[in-house]
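A.B. asks: Output the structure for:
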Amino acid sequence: MANVVRKYLRYLSKRAEIELENRADPRVQIDQAIEAARQQHEKLVSQAALVVGNQREIEMKMGRQVEEVTNLTESARSALMLADNARAAGDLATAVQYEQTAQAFASKLIASEAALEDLKVLHEQAAASAAQARVAVEDNTARMHRQLAERTRLLTQIEHAAMHEQMSKAMEGMSSLPPAGDTPTLAEVRDKVEKRYAVALGRQELASQGMEARMLEVRRATMDAQAAGRLAELRGSMAAGHGAGAPGQTGRPAMPPMPPTPGISAGRVPGGTGDERLSLGKAAGDSAPSRGGGTPPVSGTQEAPPA
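C.D. replies: Below you'll find the model as predicted:
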């Protein structure tokens, strides 16, 4: 039972990890990776600083040890010189004391020289470690720069991917396939408009084939025929009037139009109806040819013939 529980827990943990990986934002993961690399670089720099600092510390100890060896060497030489001078002066006791002092300086000198050799060995090791630390820091710095450049490239690629995804969604929305949401496509709207237009055309066609439509066409044709007849009558009356006055005006200047008589307009009888006007016009047209080309009567004062 405990084994089954452990397996189930591991399964849930792995499933949650996969789900998180699928839903994770790449920008956040990139920042996490850069932050981890930055922390590692800081740790490496701190460790390299300790190694280089140890080298500098050993160098300072070596400087003090070299100074001590130099002082002990000078002191031993001075003691030997004093012993030689005392022996030359015949003071053997003083010479022995100086020799003992020189022996003590020599013993310390040997210990200082041994410590100096140990420091030299440690300095060589520290120098090698410091060189490796410097190389590691330089390599890691170059790696950090490459990671930052890679971060910029990945972020730009993510933006391009998002733009292409939006363009793909827009193209899919404009295609014939229906979108996932409740927004209608352009093709659906077009089919709806075309269907409505076709139904309207069908209704108009059915309405144009009915009895009322044919009656309306007949009325319109009758009105057009009446208007055409009226225009023909007007043209005939105008042509008759011009034809009656043309022979008598040969070689004479054009007469200006006479002003209408007050109360009587052209082709109109006061108090008359439209039928009376039409009959007068017909009578004038019928009487004009029967005069044999004579001069039509002109209302008002007649113009005297030229001298």
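A.B. asks: alpha carbons only for contacts and neighbour counts from here, please
C.D. replies: Noted.
A.B. asks: element containing A48?
C.D. replies: Per DSSP states H and E, A48 falls inside helix 26-88.
A.B. asks: Which neighbouring elements make contact with that helix?
C.D. replies: Under the contact criterion of 3 or more Cα pairs under 8 Å, 6 or more residues apart in numbering; DSSP states H and E, helix 26-88 touches helix 92-174.
A.B. asks: model confidence over the helix it packs on, on average?
C.D. replies: Average pLDDT, helix 92-174: 88.
A.B. asks: That helix: how far from the chain's middle?
C.D. replies: How far helix 92-174 lies from its chain's middle: 46 Å, per Cα atoms, centre = their mean, to the nearest Å.
A.B. asks: CA atoms of stretch 202-221 as PDB?
C.D. replies: Written as PDB, here are the backbone C-alpha positions of stretch 202-221 (Å, rounded to 0.1, in the frame of the first residue of the first chain):
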ATOM      1  CA  GLY A 202     -37.600  36.700 -56.100                       C
ATOM      2  CA  ARG A 203     -40.300  38.600 -54.400                       C
ATOM      3  CA  GLN A 204     -39.900  41.500 -56.800                       C
ATOM      4  CA  GLU A 205     -40.100  39.100 -59.800                       C
ATOM      5  CA  LEU A 206     -43.200  37.500 -58.400                       C
ATOM      6  CA  ALA A 207     -44.800  40.900 -57.800                       C
ATOM      7  CA  SER A 208     -43.900  42.100 -61.400                       C
ATOM      8  CA  GLN A 209     -45.800  39.100 -62.900                       C
ATOM      9  CA  GLY A 210     -49.100  39.900 -61.100                       C
ATOM     10  CA  MET A 211     -52.300  41.500 -62.500                       C
ATOM     11  CA  GLU A 212     -51.800  44.800 -60.800                       C
ATOM     12  CA  ALA A 213     -48.300  45.100 -62.200                       C
ATOM     13  CA  ARG A 214     -49.600  44.500 -65.800                       C
ATOM     14  CA  MET A 215     -52.400  47.000 -65.200                       C
ATOM     15  CA  LEU A 216     -49.900  49.600 -64.100                       C
ATOM     16  CA  GLU A 217     -47.800  48.900 -67.200                       C
ATOM     17  CA  VAL A 218     -50.800  49.400 -69.400                       C
ATOM     18  CA  ARG A 219     -51.700  52.700 -67.600                       C
ATOM     19  CA  ARG A 220     -48.100  53.900 -68.000                       C
ATOM     20  CA  ALA A 221     -48.100  52.900 -71.700                       C
END
